[in-house]
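J.: pasting the sequence and the predicted coordinates here, then a few questions.
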Amino acid sequence: MEEKNNTILVDSREMEEMRRQVGLLKAKLDRESIVNDRLMRNILASKRDKIDRYLLRLMVLMPFVMVLMYLDFGILFPLSVPFLVFTEVMLLVAGTFIYFNKRLLASADVAVANLVEASRKLVRFRKREVRYVCVGIPVAVAWVTWLLVYEFPHCSKAAEVLPGLTWGCLVGAITGLIVGLIKFRTMIRGINDIVGQIEDIS
Amino acid sequence: MKENEKDFADLVKQYKSSVYSVCYMFAKDADEADDLFQEVLINLWKGMAMFRHESKIGTWIWRVSFNTCISADRRRKRNKEVRLSMDIDLFESTDEDTRQIQMLHNRIHRLKPFDRAIVMLWLEGISYEEIGAIVGISVKNVSVRLVRIKEMLKQMSDRD
């Protein structure tokens, strides 16, 4: 009888120990998050990196464009000095803006930083880009108008091929505007996507 | 997020510990536990639309979890890139609580899959009736099996 009681006691103790261990397991699991945080961050980081690479390409191209503008409007078709200076300054300002905005994007490190903070930086980046486009497009339109209406007609070398130059510039400007807007829209969508996903998981 | 997605996310948040503990008891390592966890969640998502509330939601979740783990194809190729996990490794950690959990795992893992399901549900404090509803056997059968399982666990402890 005593042996049977001892057996029952041992049984209960074992089951109690296992119950306690189940409790430990559930307590540990309750503290964990279900989504693979690392995986989500990697996905967000790769989306952000895609935009970063696009801005890097623009930045790398900028010095070449500045040199090209000098060769075209300073040597090939010598235009007025104010126009040339304005062109180079405009490109320099654009390049500087891209550089600082790229830095802001890089600081929104979704891979390791606080996601809410990263989201705020991305929203700031988006606002800056929108402002850049709102200012940039009118400036670009004014520059093309200045070039076609005043500079080319007053340039003796350009006067010889004026119709071709005019049409070439117009087609180039319109194509550039369309491609630029498409790229801009893709970039903003990418940012909106990242910000939206951060909102979902935080 | 769509409403059904939100409902599912809320449900999973509520039962994640129960689901993962089942997967843990049926797995040999952390990767396998994560694979089973992902598979259970997928089956829950697929089954949610067809769930007719003939049983309690908790009962249904336990049933899907155990059915998935018992019948899982362990040879399926693992895709590390998309696997959901609980971001916890109960197989490698060395703190005291995890050692206790590993002891539990070692005991339960030595049982047959069907017996693991029964003892886990009993340890959760679930009634014999509900255990029977989850695993698909009668209350009497649950009682008989539990006696046998306890005996086996005791013999394992005596040998260790």
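T.: Good, I have the coordinates. Numbering: from 1, shown residues only, chains lettered A, B, ... in the order given.

J.: quick one: contacts of the lengthiest helix in chain B?
T.: With DSSP state H setting the assignment, residue counts place helix B:3-26 as the longest helix in chain B. Counting contacts by C-beta atoms under 8 Å, 6 or more residues apart in numbering or on different chains, the residues outside helix B:3-26 that touch it are A:22, A:25-26, A:29-30, A:32, A:34, B:1, B:33-34, B:36-37, B:40-41, B:44-45, B:48-49, B:57-58, B:61-62, B:65-66, B:69-70, B:72, B:86, B:90, B:105, B:108-109, B:113, B:116-117, B:120, B:124. For the C-beta atoms, the positions are set from N, CA and C on the backbone; glycine is no exception.

J.: quick one: buried ones out of those residues?
T.: Neighbour counting by 16 or more other C-beta atoms under 10 Å in any protein chain shown classes A:22, A:25-26, A:29, A:34, B:33-34, B:36-37, B:40-41, B:44, B:48, B:58, B:61-62, B:65-66, B:69, B:72, B:86, B:90, B:105, B:108, B:116-117, B:120, B:124 among the contacts of helix B:3-26 as buried.

J.: among those residues, name the ones in helices.
T.: When helices are assigned by DSSP H, the members of these inside them are A:22, A:25-26, A:29, B:33-34, B:36-37, B:40-41, B:44, B:48, B:58, B:61-62, B:65-66, B:69, B:105, B:108, B:116-117, B:120.

J.: wait, A:Lys47 sits on A:Asn192?
T.: No: between A:Lys47 and A:Asn192 there is no contact under C-beta atoms under 8 Å: 10.6 Å.

J.: who's more crowded, these two?
T.: The residue with more neighbours, out of A:Lys47 and A:Asn192 and counting by other C-beta atoms under 10 Å in any protein chain shown, is A:Lys47; that gives 16 against 13.

J.: in terms of helices and strands, where is that one?
T.: Mapping A:Lys47 onto the secondary structure by DSSP states H and E places it in helix A:37-70.

J.: buried residues in the very next helix or strand once past that helix, which are they?
T.: The element immediately downstream of helix A:37-70 (helix or strand, assigned by DSSP H and E) is helix A:81-107. For helix A:81-107, a neighbour-count test (16+ other C-beta under 10 Å) marks A:83-84, A:87-88, A:90-91, A:94-95, A:97-98, A:101-102, A:105 as buried.

J.: domain assignment for chain A?
T.: What the record gives for chain A is the domain set A:1-32, A:36-201, from automatic domain parsing.

J.: and the shortest one, average pLDDT?
T.: Read that as domain A:1-32. Domain A:1-32 shows a mean pLDDT of 72.

J.: got it, and the longest one?
T.: Per-region confidence: domain A:36-201 scores 88 on mean pLDDT.

J.: centre of the chain to that domain, how far?
T.: Once both centres are worked out by C-alpha atoms, centre = their mean, to the nearest Å, domain A:36-201 turns out to sit 11 Å from its chain's centre.

J.: and what of stretch B:8-15?
T.: Centre-to-centre, stretch B:8-15 and its host chain are 15 Å apart (C-alpha atoms, centre = their mean).

J.: name the nearest residue to B:Trp62, ignoring sequence neighbours.
T.: B:Ile134 (4.7 Å; C-beta to C-beta, 6 or more residues apart in numbering or on different chains).

J.: neighbours around the one you found, how many?
T.: Using other C-beta under 10 Å, B:Ile134 has 25 neighbouring residues.

J.: list the contacts of the residue nearest the centre of chain A.
T.: Nearest residue to the geometric centre of chain A (C-alpha atoms, centre = their mean): A:Ile51, 3.7 Å. By C-beta under 8 Å, 6+ apart, the contact list for A:Ile51 reads A:Leu105, A:Met187, A:Gly190, A:Ile191.

J.: switch those residues over to CSV; also include distance to chain B and secondary structure.
T.: Formatted as CSV, the entries for the contacts of A:Ile51 read as follows, by distance: C-beta to the nearest C-beta, whole Å; DSSP: H, G, I helix; E, B strand; the rest coil:
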residue, distance to chain B, secondary structure
A:Leu105, 25, helix
A:Met187, 25, helix
A:Gly190, 20, helix
A:Ile191, 20, helix
